[in-house]
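>>> return a 3D structure for these sequence lines:
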Amino acid sequence: MHTSPTARLLALSAAILFSCAARAAAPDAEHPSVKRPYSLPPSADLTYTIKAKQHGLSIGGTATVQWRAADGKYMVATESRAALFGKILENRSEGLIDDFGLAPATFYEKRFRKDPSNTVFKRDVKTITFSEGDESYPLKGGEQDRTSIQWQLAAQARATPDKFKPGSEWNYFVAGRRDAEVWSFKVVKNEAVQVGAGEVNAVHLVKAPPPDAQGQQVDLWLAPSMDWYPVRVRFNDNDGDFVDQTLEKAVKK
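Numbering: from 1, shown residues only. Coordinates of the predicted model:
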């Protein structure tokens, strides 16, 4: 079946940067809230190279990430571009820094040819709400969104690197565009990753889809020698489609 370029780009933008589709979760589902030591990576501008296969078509592009953390606040802004199409995805997470680490206030997402969405962490009434849909979830502490989560992981790995060993698991309650669910990351192993500046050693973590779901697998590589910045992220679908994002350059700010 022929798939239009626009449809392929919509599929790509839906996959990039932790925007994978999530199962709907009931508000009373498992909801981890754990305080762990953390040490936030230095503020930086990061540039990534994107390679993807969507519906049999190879697609290339770039992603830029602005990471800022200072004075009790943080911000992560991402922008992804594909050749010939321009900007296909824009994400922004911002909020405070509290005893749990990153404490999102808002999560904004704008996909290619789609209306923007906003997820709001209403800390005064301890509730997460969504501009898309009527779901709401309680705020217990430690909740993340799909942009902040990799930086929360990086901060906790940076504080306690000895705990991020093969077999260890890290659970978080993560909000997306219209709902939230538990994300469980497992440390697989240490391995070499080729980045723009050469080869670096990285800790490889995997978020597998739930056994009863057909979701994406998310692989994340964090580099200890680079302040635990995310140096590679890969999304794998059951049908063989993938999005692979590798660090080209990181400039501390």
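>>> drop to CA atoms for contacts and neighbour counts, all remaining ones
OK.
>>> just give me the longest strand of the protein.
strand 180-195 (DSSP state E).
>>> by contact count, what packs against it?
strand 169-175, strand 198-207, strand 229-236, strand 242-252 (3 or more CA pairs under 8 Å, 6 or more residues apart in numbering; DSSP states H and E).
>>> how about Ser80, nearest residue that isn't a chain neighbour?
In this structure, Ser80 finds its nearest non-sequential neighbour in Ala63, 4.2 Å apart by CA to CA, 6 or more residues apart in numbering.
>>> list the contacts of the one you found.
Thr47, Tyr48, Thr49, Ile50, Thr78, Glu79, Ser80, Arg81, Gln245 (CA atoms under 8 Å, 6 or more residues apart in numbering).
>>> in strands only, show me these.
Assigned to strands by DSSP E, the following of these qualify: Thr47, Tyr48, Thr49, Ile50, Thr78, Glu79, Ser80, Arg81, Gln245.
>>> dump the residues you listed to JSON lines, plus pLDDT.
Output for the ones in strands among the contacts of Ala63, formatted as JSON lines (pLDDT from 0 to 100):
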{"residue": "Thr47", "pLDDT": "98"}
{"residue": "Tyr48", "pLDDT": "98"}
{"residue": "Thr49", "pLDDT": "97"}
{"residue": "Ile50", "pLDDT": "94"}
{"residue": "Thr78", "pLDDT": "95"}
{"residue": "Glu79", "pLDDT": "94"}
{"residue": "Ser80", "pLDDT": "91"}
{"residue": "Arg81", "pLDDT": "90"}
{"residue": "Gln245", "pLDDT": "95"}
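>>> where does the prediction get shaky in the stretch 1-150 of the chain?
Applying pLDDT under 70 to the stretch 1-150 of the chain flags the ranges 1-29.
>>> what about the helices in it?
Taking DSSP state H, counting those that start in this stretch to define them, one finds helices in the stretch 1-150 of the chain at 5-15, 149-159.
>>> what packs against the last one?
The criterion is 3+ CA pairs under 8 Å, 6+ apart, and the helices and strands that helix 149-159 contacts are strand 101-111, strand 229-236.
>>> how near is Asp241 to Arg234?
According to CA to CA, to the nearest Å, Asp241 and Arg234 sit 11 Å apart.
>>> ok, those two, which is more surrounded?
Arg234 (23 against 19; other CA atoms under 10 Å).
>>> who are the contact partners of that one?
Residues near Arg234 by CA under 8 Å, 6+ apart: Val218, Asp219, Leu220, Phe242, Val243, Asp244, Gln245.
>>> still on that earlier bit, can you check which of the helices and strands packed on helix 149-159 gets nearest to Tyr137?
Nearest to Tyr137, of all the helices and strands packed on helix 149-159, is strand 101-111, at 14.0 Å by CA to CA.
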